[in-house]
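Asks: here is a sequence together with a model predicted from it:
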Amino acid sequence: MSRALLAAAALSLLAAAAPAQAAEREAGLGSFEFQMGQYRPDIDSEFLLPAGTVGPWESSFGTSRRWLFKLRGGKALFSGYGTLELGGGVGYMQANGHGRFASSGAVSQERTSFKLLPLAVDLTYRLDFVWEKLGVPVIPYGRAAVIRDVWWVTGAGGKASKSGATNGWSWGGGLALVLDFIDPVLTRELDRDTGIKHTLLTFEVQKEKVDDFGSKKSWNLSNDGPMMTFGFAFAF
Amino acid sequence: MLRRLALLVALLGPATGLAQSAGTVQITPSSFGKTACTSTADTVTLTWTSSATIATGDVYRVYVSSTSATCPTASGTPAGYAQLAAGDIAATAQTQSYPGTLTQADFLTAAGANCTANATIYVCVQHWATGGGSTAKATATGSAKLEVLPPPVPVNVAVAPGDSALFVSWADGTANGVAAVSYNVTAVAQGNPADFQTKNFVGRTNNRIDQLTNGTTYDVTVTSLSSGGNESLPSSPAVSGTPQPVNGFWEQYTADSGREQGGCAGGPAGALSLLGVALALRGLRRRS
């Protein structure tokens, strides 16, 4: 948790470090993003598995990763060299697999599923000056978020087994390719007609820690590696 | 001169409305099962639309047949048809229904259906002007199916255990001209016929039959049903299966002594984080 707060504080300081530039830039309203990435929770990591055995996640859902989709919106707080945003987002992921017979452990035809609805509140700092002042169409950005993963598990025959929520945090950063340079005229028209100032293609890497901040009564819903996502963003 | 006049009438006839155009008869239900042959409780509704306009004194005559699809305009009972009991029906509208109650048994008997083979039942409605004449003003036709044969007996029945359930799959038997539109799957506990479940599944040849008891062995049979409701004999021999407890993901997780308890845990750190966000949003609102 302390690392998350430190990351958020660092972003805030970075934003506040350039007050002189703030007056030169028009502060935006915020942004809207769609992201997608592949996800596999690190649930099995809590088990000490003998060689040749697998944990409950892999046993039920296999080793493949599932697509996780996210929508995020953010409000610009202030602008310096870049823009600091306070944002919120929601996502969805579903894994379907087969249950196993209690007696033999063999795979059955009964289906079991895990559904995840990740909610997040984040602070994002986007170095817009790289594009707006230097003309380089790749904007770096950093992001720290507090996460609440709401989840449901259904068992054999679709009966509800368990539901709950697990809290955590994430931090990371990414690069946003500014698509405005492809057609500046169209970009100005889009701004005039819709208020969209920049259209961005994003690639982001995040480190997650979603285990109720180390609680001994929680499983680990962090992605089992750095979470890589890509998507679109519109800055207003 | 007469030849030219006849040619002119032939050419202009369609444009002047002299030509006969067939209307339609809506028969409800459109498909009859075997039980309809003796059913006096279930009724038939006939609604037709004539292409001719209504004049005072016009009548409709309704005929049924199980052999002839032709609906002639000539006077007299059409070949292969029998007139329904209502006789001449006063025509009050171009779209009109058969008056009174017409039972399915009376309808099929009048049509001459022998109820031992599948057949098509035809309805012919003639629209006659006052005083009759030699030709009806218009006709309307419709048809319905009589299915007395069941679909083929399902084959290749296979059963796999589920949790308080069995997964059953099957295939249609050798085609006999009657399509199966749904299937009844029945599971009967061995040695306890009172413990059984029957489920109807539409349009698919595999499904899950639930509400069974784990550890009890059930004999499973499948029958097929036609659109007319005729049911085949059960598949033979019965295939047995025994439901068994199945661990879903959560059951496997807890069986492996997983830490998570479920519910909305979060701990003080989570609560503090959410509180911080709430305060930040409040600050924003004040500034704006």
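Replies: Arrived safely. Computed from a prediction, not measured in an experiment: that's the story for all the values here.
Asks: return the set of buried residues in stretch B:33-46.
Replies: The neighbour-count check on stretch B:33-46 (16 or more other C-beta atoms under 10 Å in any protein chain shown) flags B:33-37, B:39, B:43-44, B:46 as buried. Using the backbone N, CA and C atoms, a C-beta is placed for each residue, glycine as well.
Asks: how long is that stretch end to end?
Replies: 18 Å (C-alpha to C-alpha, to the nearest Å).
Asks: name the residues that touch that stretch?
Replies: By C-beta atoms under 8 Å, 6 or more residues apart in numbering or on different chains, the residues outside stretch B:33-46 that reach it are B:25-29, B:62, B:97-98, B:101-108, B:113, B:115, B:123, B:125, B:142, B:146-148, B:226, B:228-230.
Asks: quick one: average pLDDT of it?
Replies: Average pLDDT, stretch B:33-46: 87.
Asks: what's the closest non-adjacent residue to the residue in chain B positioned nearest to chain A?
Replies: Closest residue of chain B to chain A, C-beta to the nearest C-beta: residue B:248 (2.7 Å). In space, and not counting its chain neighbours, residue B:248 is closest to residue A:155: 2.7 Å by C-beta to C-beta, 6 or more residues apart in numbering or on different chains.
Asks: who touches the one you found in this structure?
Replies: A:99, A:110, A:112, A:161, B:163, B:246-251.
Asks: list just the nearest of the residues you listed to residue A:82.
Replies: Using C-beta to C-beta, residue B:249 is the member of the contacts of residue A:155 that sits closest to residue A:82, with 42.5 Å.
Asks: from what I see, that closest one and residue A:100 are in contact.
Replies: No: judged on C-beta atoms under 8 Å, residue B:249 makes no contact with residue A:100 at a distance of 9.6 Å.
Asks: just the contacts of residue A:155: which are in helices?
Replies: Counted as lying in helices by DSSP state H, out of the contacts of residue A:155, are B:249-251.
Asks: now neighbour count and pLDDT too, for the residues you listed, in a markdown table please.
Replies: Below are the ones in helices among the contacts of residue A:155 laid out as a markdown table (neighbours: other C-beta atoms under 10 Å in any protein chain shown; pLDDT from 0 to 100):
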| residue | neighbour count | pLDDT |
| --- | --- | --- |
| B:249 | 27 | 93 |
| B:250 | 24 | 93 |
| B:251 | 23 | 91 |
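Asks: before we move on, the earlier item: any shared contact partners between residue B:249 and residue A:100?
Replies: residue A:60.
Asks: what is the burial count for residue A:105?
Replies: Using other C-beta atoms under 10 Å in any protein chain shown as the criterion, residue A:105 is surrounded by 10 other residues.
Asks: any idea which element it lies in?
Replies: Assigned by DSSP states H and E, residue A:105 falls within no helix or strand.
Asks: roughly how far does it sit from chain B?
Replies: 9 Å (C-beta to the nearest C-beta, to the nearest Å).
Asks: bridging residues for residue B:127?
Replies: residue B:60, residue B:138 (DSSP bridges).
Asks: residue B:198 too?
Replies: Note on residue B:198: beta-bridge partners by DSSP bridges are residue B:186.
Asks: per-residue pLDDT, the closest residue to chain B within chain A?
Replies: Residue nearest to chain B within chain A: residue A:155 (2.7 Å; C-beta to the nearest C-beta). Predicted confidence (pLDDT) for residue A:155: 89.
Asks: repeat for residue A:28
Replies: We have a pLDDT of 78 for residue A:28.
Asks: got it, and residue A:128?
Replies: You'll see residue A:128 listed with a pLDDT of 87.
Asks: can you check residue A:8 too?
Replies: 48.
Asks: next helix or strand past the helix-or-strand element of chain A with minimal mean pLDDT?
Replies: Using mean pLDDT, DSSP states H and E, the weakest-scoring helix or strand in chain A turns out to be helix A:19-22, at a mean of 39. For helix A:19-22, the following helix or strand on the C-terminal side (DSSP H and E) is strand A:30-39.
Asks: in stretch B:47-55, what counts as buried?
Replies: Buried residues in stretch B:47-55 (16+ other C-beta under 10 Å): B:47-52, B:54.
Asks: what is the end-to-end distance of that stretch?
Replies: Stretch B:47-55 has an end-to-end distance of 19 Å (C-alpha to C-alpha).
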